[in-house]
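1. attaching a predicted model along with its sequence, questions to come.
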Amino acid sequence: MCVCDDDKDRKIATLRKRLSREVRAREQAEQLLESKALELFQVNQNLLGSIQKAKNRSARVNAIMNSIKDSVVATNQKMEILDVNKSCVGMWGIPYAGLMGRSVLEFVENRQIADYEALCLSASADEQDEIKEFNFRTLDGGFVPAEVKISTFQHDDERFLLHLIRNVSNKKRLQKEREAMQEELANAAKWEAVGQLAGGIAHEINTPAQYIGDNLHFLSECNEEILEILNKALELKKACEQNGQYLDYVQEIDRLIEAYDLEYLCEEVPQALKQSAQGIAQVSHIVRAMKNFSHPGTEEKKPFDINAAIDTTLTVSRNEWKNIATVVTDFDEHVGLVPCIPGGMNQVFLNIIVNAAHAIDVKGHETMGEIRIVTRKLADQVEIVISDTGCGMPPEVVKNIFNPFFTTKEVGRGTGQGLAIVNDIIVQKHKGTIKVATKEGKGTSFIIRIPCK
Amino acid sequence: MKGIIFIQFTKKVNEVWGEDMVEDLIEQADLDSEGVYTSVGTYCFREMVSLINVLSKISGTSPADLQKTFGEYLFKQLSMKYPLFLEGKKDLFSFLASLENTIHVEVKKLYPEAELPSFEYVFPAENIMEMTYRSQRPFADLAEGLLRGAVAHFGEKIELSRQDFPVEKGSKALFRLTK
Ligand code: HEM
Ligand SMILES: Nc1ncnc2c1ncn2[C@@H]1O[C@H](COP(=O)(O)OP(=O)(O)OP(=O)(O)O)[C@@H](O)[C@H]1O
Ligand SMILES: [Mg+2]
């Protein structure tokens, strides 16, 4: 064996060692690769799970945000909108994408912008949370009143503002309605007191009015008898004069006849008595109407004379219509007695008649208007039609007239309760119906039907 | 210690002393891994210490000098393997300043088992940078070599001085670089 063989053997041995190292290194590397691949797979799996969870969570957070009835707006400190919930999109009437990047202040009423900024500043300074009211612009150019509460939060080293905006227009409307209702109740109480007082006075007046009426009747009868006697006496005087007897008496009587103007007396005294009787009859009528009206008391139905009740109401409300309208009534005598709540029905007639008078007044009255009231007995109902020649109503008014608090009248003249009460009494309490026919500029008819049994 | 360092080391030994030296080293160093290295594997850093000590005995060069020479070579290799860490670095100081908070951080992300030293930086003057190397392992000389490699790479005229501190475990040294 030569040296070069030795050398060769050594080289081969070295190469073998190196080869076996390389093979083992490769195996090691493959093992590493596989375990890394497995690790990677698991990490990836976890990651997918986390992503799904995060997605679910963010979907849930979104759903929560969108279920909030108040508007929620997230802005940066420059007030630029970064996110809003559904309610906000609804309130401002601008789609989500259209809101991004715009300033919240664009939506605040101009004169309140400084206050809004101040509120944001105090929220940023973490001062105690305040709720303030602002008007927010809407797409149609109007404003909605809203309560605003602002908080701040930190995310990724930046500070953000969360604006919680609660639309309070509903709350305000309810508040207004409550106030009107209270006013109405106060009014009703006042009227009740007045009614009771009037009832008492009516009773006091009724008795003397009764005997004044009786006495006047008696006096007219007496007067006729006295006149009869007087006529006979005058015939006697004439006979004396012709026969030249008792001439000084005759002369004295003639002087008195002249002085007191007997002819005038004979004509005027019966006239005066008649007028007084009529006057006191009217007083009695009004007094009786007041009594009827001031005793609405029971909520129970009683046999009720609708024709008479309308008469009474016309008397009581005369002052409302006498200068602007004539009233024509056309009553069906077969109407008879109908089961009604007396106070309720009186109120129905009064409200409709007063509305009619107002409508005629609104239209203007160079010529007198007319309120026509017709009653009719139908098969098993009674129909009452109250028409006026007033201003009539446009469709958008008609559809609202039975809503409580709907009124077109200025403050103080109407509270919008009248027809709501009418509707309640006719439909709920009497199981009847009420319809309205109207023509703008021409007039209005209310057609009421009440069951007879 | 990552396999890439061992592979670079045996490559350098192969280049300078030939393949027989590599075999002798592996035989004499009594290594757990038996010299089987893959660049992504992880091995005990003591194998590196043994390899250097055996090489020193055979070659007669001090372990410190061997670490330094290898460090210079290693930097060249690393900079070729990971060029992105040098991208955008205009000068030596800004490159070195990114070591602790960027480069070694990225290395750790890539290889969670990597055992890296820590560096603290002080800039006493505009033209002076002080780097304090701290490690659980005895590689301050390797650090010096890597530093010299970096200086060579940027081609700047730098004066490098070093002060060692005695520590219970590993090593600690302050490198002062003056422009
Ligand atoms: C492109 C630049 C660099 C890269 C990619 C890099 C990467 C690495 C890697 C992969 C390791 C092995 C970690 C392990 O064994 O577990 C390491 C260790 C080390 N690096 Fe760097 N390095 C770079 C630059 C530097 C520089 C400029 C220095 C000079 C101070 C340095 C000092 C060290 C030292 C001393 C170690 C040994 C571990 C120890 O001392 O505990 N490196 N580096
Ligand atoms: N006869 C009518 N002619 C024209 N408009 C009418 C007539 N009756 C009612 N209205 C309209 O319907 C609205 C509602 O009437 P309603 O009686 O409910 O309230 P009001 O008269 O305004 O107030 P209130 O009766 O409470 O004092 C009125 O404001 C008016 O615009
Ligand atoms: Mg009314």
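-> Now that the structure is in, tell me what you want to look at. Just so you know, these numbers come straight off a predicted model, no measurement behind them. Ligands and ions are numbered 1, 2, ... in the order given.

2. A:Asp115 contacts A:Phe134, doesn't it?
-> Yes. Using C-beta atoms under 8 Å, A:Asp115 is in contact with A:Phe134, at 7.3 Å. (C-beta placed from N, C-alpha, C; glycine too.)

3. okay, these two: which has more neighbours?
-> A:Phe134 (19 against 15; other C-beta atoms under 10 Å in any protein chain shown).

4. and the more buried one, which of the three is it?
-> For A:Phe134, the assignment made with DSSP: H, G, I helix; E, B strand; the rest coil gives strand.

5. where does pLDDT dip in the stretch 301-450 of chain A?
-> For the stretch 301-450 of chain A, the stretches flagged by pLDDT under 70 are A:365, A:411-412.

6. contact partners for A:Ile81?
-> Contact analysis of A:Ile81 by C-beta atoms under 8 Å, 6 or more residues apart in numbering or on different chains lists A:Val73, A:Ala74, A:Thr75, A:Leu99, A:Met100, A:Gly101, A:Arg102, A:Ser103, A:Val104.

7. same thing but 6 Å
-> A:Thr75, A:Leu99, A:Met100, A:Arg102 (C-beta atoms under 6 Å, 6 or more residues apart in numbering or on different chains).

8. now, the residues you listed that are in helices?
-> A:Leu99 (DSSP state H).

9. how about the residues of chain B by chain A?
-> Chain B has residues B:Glu23, B:Gly35, B:Val36, B:Thr38, B:Val40, B:Gly41 near chain A, with proximity defined as C-beta under 6 Å from any C-beta of the partner chain.

10. which one of those residues is nearest to A:Ala357?
-> Closest to A:Ala357 out of these is B:Val40 (102.4 Å), distances taken as C-beta to C-beta.

11. burial count for the residue nearest to that closest one when sequence neighbours are not counted?
-> Once flanking residues are discounted, B:Val40 sits nearest to A:Leu32: 5.6 Å by C-beta to C-beta, 6 or more residues apart in numbering or on different chains. Residues lying near A:Leu32 (other C-beta under 10 Å) number 15.

12. name the helix or strand for A:Leu32, please.
-> helix A:3-67 (DSSP states H and E).

13. also A:Ser445?
-> Assigned by DSSP H and E, A:Ser445 belongs to strand A:443-451.

14. try A:Ser284
-> helix A:262-294.

15. now do that helix: distance to the chain's middle.
-> Here helix A:262-294 is found 44 Å from its chain centre; the criterion is C-alpha atoms, centre = their mean, to the nearest Å.

16. what of stretch A:173-180?
-> For stretch A:173-180, the distance to the chain centre is 9 Å (C-alpha atoms, centre = their mean).

17. and the contacts of that stretch?
-> A:Phe405, A:Thr415.

18. now that stretch: buried residues?
-> By 16 or more other C-beta atoms under 10 Å in any protein chain shown, the buried positions in stretch A:173-180 come out as A:Ala180.

19. that one and ligand 2, are they touching?
-> No. Judged by C-beta under 6 Å from any ligand atom, stretch A:173-180 and ligand 2 are separated, with a smallest distance of 9.4 Å.

20. dump that stretch to CSV, keeping only the CA atoms.
-> What follows is stretch A:173-180, C-alpha atoms only, in CSV (Å, rounded to 0.1, in the frame of the first residue of the first chain):
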residue,chain,number,x,y,z
ARG,A,173,-94.5,66.8,22.6
LEU,A,174,-95.9,64.6,25.4
GLN,A,175,-94.9,67.3,27.9
LYS,A,176,-96.8,69.9,25.9
GLU,A,177,-99.8,67.6,25.6
ARG,A,178,-99.7,67.0,29.4
GLU,A,179,-99.6,70.7,30.0
ALA,A,180,-102.6,71.2,27.6
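
21. residue closest to the middle of the chain?
-> Assuming you mean chain A. With distances taken as C-alpha atoms, centre = their mean, A:Phe405 lies nearest the centre of chain A, 1.7 Å away.

22. sorry, I should have been clearer: chain B.
-> Using C-alpha atoms, centre = their mean, the most central residue of chain B is B:Leu142, at 3.9 Å.

23. now do the contacts for that one.
-> B:Gln67, B:Gly71.

24. just the element for it, please.
-> helix B:140-154.

25. please see if that helix touches ligand 1.
-> Yes. Residues of helix B:140-154 are located near ligand 1 by C-beta under 6 Å from any ligand atom, namely B:Leu142, B:Ala143, B:Leu146, B:Leu147, B:Ala150.
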